[in-house]
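J.: Generate coordinates for the sequence data below:
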Amino acid sequence: MKEDKQRIEFFKDFLEDIESPDKATASIQGTFLEKMLNFMERPEEPEVLIPPYINSSKKIAINAYSYDKESLTLDLYVVDYDFDQNAKEILTINKAEITETGTKAKRFITNIKSIQSSRDHSLQDYELVKIVAENHKDLEEVNIFIITNRYYLANKPVDITIPGIQNVNTEVWDIDRVHQLITSEQGIQNDHIDFEEDFNNTFDMMFVPEPNNDATSNFDCYIGYIPAELLARAYDVWGPKLVERNVRSFLQVRGGTNKGIRNTLKDSSQKKMFVAYNNGISTIARSGDIERIKDGINLYRIKGLTGWQIVNGGQTTASIHQAYKEEVDLSDVYVQAKLTILKVDEGITKDKHSLEDEMVSRISEYANTQNKINKSDLLANTRFMSDLEKFSRSTWMPALKGRKPESKWYFERARGQYMVDINRRKRGKEQNDFKKLYPKDKVITKVEIAKYFMSWEGFPHVSSKGGEEAFKKFMEFNKNFWKSDVSTPENLSLPVYQKIIARTIINNRVKEIVEEMKLKGYKANVVYYTVAMLHHLYGKEIDLIKVWEEQSLSDKWEEVVRIIASKTLFFLRESAGERNVTQWAKQEACWVQYKETDAKELKGLI
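T.: Numbers count the residues shown, from 1 in each chain. Here you go, the predicted model:
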């Protein structure tokens, strides 16, 4: 089948930089997890456990976690990695196996008393033990993420319950989901939903007239309402495909808003008011089977849509779907809706996908203003991001030993952009030439650039908060290159681009050294604080342009980095005291204290 062939080709590219002969089993699983986390982009950056918590006799496993103290939300990550999976065939995982994998994470909570009594306090995972032991009765929500290199083609919802915790959500991330996410981020899909044929239902909308009957407009807009049951049934069949373009695509019945939606739908006296209470959904599509109901009346019947996506209202959709699964009667419930049909001319010179991306990004941004959204998604099309992308495509890395330049850095403005670019080329010479021009180890994402930039500039606590927070600060730091309220925005220059990449090179080298040292725990925090201290003490001696020209940090700094990294880990653990080390590292006070207590000792290392 063509679809299976595409899956195999995608997985082969995905696998290349994970499984290599020099990697140990644990290292492969860790590399796989970290790569998958890049696509998930969670608000709270998880703490990856090295080694993972495994109790084979009690069938318990945790590979990573994060905890949001304010919302009392715990995220648990568990990996299913099948070493028999390869790039020649598709190995699948069924619902029972998925459920058992997720239950391994659940057992960590249900067995917390025995785990706490026997666990070594010096181990990295003991912080998770403390969090669960002290807070499990008060937890508002637990999210279990099952991450597998097998294919969960059934895509059926997985229900796991934990005694005493009302909201338990289960998310499955397999290779297929990453594949879908990447392709959807790089262009609207062509899947056609036939409402009339598939669901024996349609919905009616009004056409919004264009100003002065503008025939050159690149969209048509309709407004109206959609039956809640039809929306729920469509999501039941198509699932995540309907929301992958939504900047809030993590769909779960969570938080006060969703509890309110769910309670309204369950209350027979309130649910008819749903259309008045709820803000509705904003959707886009590539085309549609749309017919005018009667001449002279501005009313159109939506019979089917191609590439239909919900760009705002994902939480509403999830809540309605949850009610539908709980057999709540939705027959009298309606959801107000906006439908935008994109009309991007196939003959235009600019890339069609890029234009669609720009339009969807703007629609998503303005439609999502009432909700918390990922700044990295909304700002991907700013001038600053576009300029970084242009420099990365046009700037050669300096060649060494008199050879001509052969490679460039590749800045990913959108998730998965690099793999999409590969797959747009023919297998064999075309793809190999592209990989030579843009090596995989020179691919850098927007949130990675942000974290590396902020750590070098002396904000390791910001980088420790995760990609979204770092990106927000990074964009504010560089607002002179893109902000519309800046009177005279600057043009991004080549030296600025080179220095941004130089910061990445330094962070990558420090990360390599820290990994070689096999320090136990808090690797990301150690890297960010080590880089920040390196710059704080020796920044004047490290020329970023020279780092760019040599594409490396001089070897003379290796021992300095090792000493600072060891001191960093010791400081983080000791200074945290009874506090959670990961949470402590996110506070500015942690960085301030580190400079006050250890900078003088570390000053004279070179």
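
J.: From now on I want contacts and neighbour counts done on CA atoms only, so please keep to that.
T.: Will do.

J.: need the longest helix for this protein.
T.: Counting by DSSP state H, the longest helix found in the chain is helix 494-517.

J.: Need the mean per-residue confidence for that helix.
T.: In this model, helix 494-517 carries a mean pLDDT of 95.

J.: Name the SS class of L74, please.
T.: Per DSSP: H, G, I helix; E, B strand; the rest coil, the local secondary structure of L74 is strand.

J.: And the helices in the stretch 251-400 of the chain, which stretches?
T.: Remark: helices assigned in the stretch 251-400 of the chain by DSSP state H, counting those that start in this stretch are 255-266, 274-277, 314-325, 352-367, 375-378, 383-394.

J.: Mean pLDDT lowest where, among those helices?
T.: Of all the helices of the stretch 251-400 of the chain, helix 375-378 carries the lowest average pLDDT, namely a mean of 54.

J.: Which positions in stretch 414-424 come out as buried?
T.: Of the residues in stretch 414-424, those buried under the neighbour-count criterion (16 or more other CA atoms under 10 Å) are A414, R415, G416, Q417, Y418, M419, V420, I422, N423.

J.: And the helices in the stretch 101-250 of the chain?
T.: When secondary structure is read from DSSP H, counting those that start in this stretch, the stretch 101-250 of the chain shows helices at 112-118, 126-135, 175-185, 195-199, 228-238.

J.: Of all the ones you listed, which one comes closest to E490?
T.: Closest of the helices of the stretch 101-250 of the chain to E490 is helix 175-185, at 28.9 Å (criterion: CA to CA).

J.: helices and strands around that closest one, which ones?
T.: Judged by 3 or more CA pairs under 8 Å, 6 or more residues apart in numbering; DSSP states H and E, helix 175-185 is in contact with helix 2-15, helix 417-423.

J.: can you give me the angle it makes with helix 2-15?
T.: Here helix 175-185 points in a direction 100 degrees away from that of helix 2-15 (axes from the mean of the first three to the mean of the last three CA atoms, to 10 degrees).

J.: show me where pLDDT drops low in the stretch 401-550 of the chain?
T.: By pLDDT under 70, the weakly predicted segments of the stretch 401-550 of the chain are 401-402, 424, 483-489.

J.: Please, where are all the strands along it?
T.: Assigned by DSSP state E, counting those that start in this stretch, the stretch 401-550 of the chain shows strands spanning 410-412, 443-445.

J.: Out of those, which is closest to N507?
T.: Proximity to N507 (CA to CA) singles out strand 443-445 among the strands of the stretch 401-550 of the chain, at 11.9 Å.

J.: List the pairing partners of that closest one within its sheet, with orientation.
T.: Strands that pair with strand 443-445, judged by DSSP bridges, come out as strand 410-412 (parallel).

J.: who touches the strand it pairs with?
T.: Applying CA atoms under 8 Å, 6 or more residues apart in numbering, the contact partners of strand 410-412 are L388, E389, S392, R393, Y418, Y438, K442, V443, I444, T445, K446.

J.: Please list all residues in contact with the third one.
T.: Taking CA under 8 Å, 6+ apart as the definition of contact, the neighbours of S392 are K408, W409, Y410, F411.

J.: pretty sure the first one is touching L437, no?
T.: Right, the one you point to is K408. Yes - look at K408 against L437 with CA atoms under 8 Å: they come within range, at 6.0 Å.

J.: thinking again about what came up before, for the contacts of strand 410-412, name the two members farthest from one another.
T.: Longest span within those, CA to CA: Y438 and K446, 16.4 Å.

J.: which residue ranges form the strands in the stretch 1-150 of the chain?
T.: 47-55, 60-68, 73-80, 141-148.

J.: Take those strands and write them to a markdown table, including mean neighbour count and distance to E541.
T.: Formatted as a markdown table, those follow (neighbours: other CA atoms under 10 Å; distance: least, CA to CA, whole Å):
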| stretch | mean neighbour count | distance to E541 |
| --- | --- | --- |
| strand 47-55 | 19 | 33 |
| strand 60-68 | 22 | 37 |
| strand 73-80 | 22 | 41 |
| strand 141-148 | 23 | 43 |
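
J.: and the ones you listed as CSV, adding mean pLDDT and distance to D191?
T.: Output for the strands of the stretch 1-150 of the chain, formatted as CSV (pLDDT from 0 to 100; distance: least, CA to CA, whole Å):
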stretch, mean pLDDT, distance to D191
strand 47-55, 89, 36
strand 60-68, 93, 35
strand 73-80, 95, 30
strand 141-148, 94, 25
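
J.: Same list (those strands) but as CSV, adding distance to Y235.
T.: Shown next, in CSV, are these (distance: least, CA to CA, whole Å):
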stretch, distance to Y235
strand 47-55, 32
strand 60-68, 28
strand 73-80, 24
strand 141-148, 20
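
J.: So which of those strands is nearest K266?
T.: The nearest among the strands of the stretch 1-150 of the chain, by CA to CA, is strand 141-148 at 20.6 Å.

J.: other SSEs contacting that closest one?
T.: strand 73-80, helix 95-110, strand 167-173.

J.: Run the angle between the longest one and strand 141-148 for me.
T.: Our comparison of helix 95-110 with strand 141-148, counting by the same axes, to 10 degrees, yields an angle of 140 degrees.
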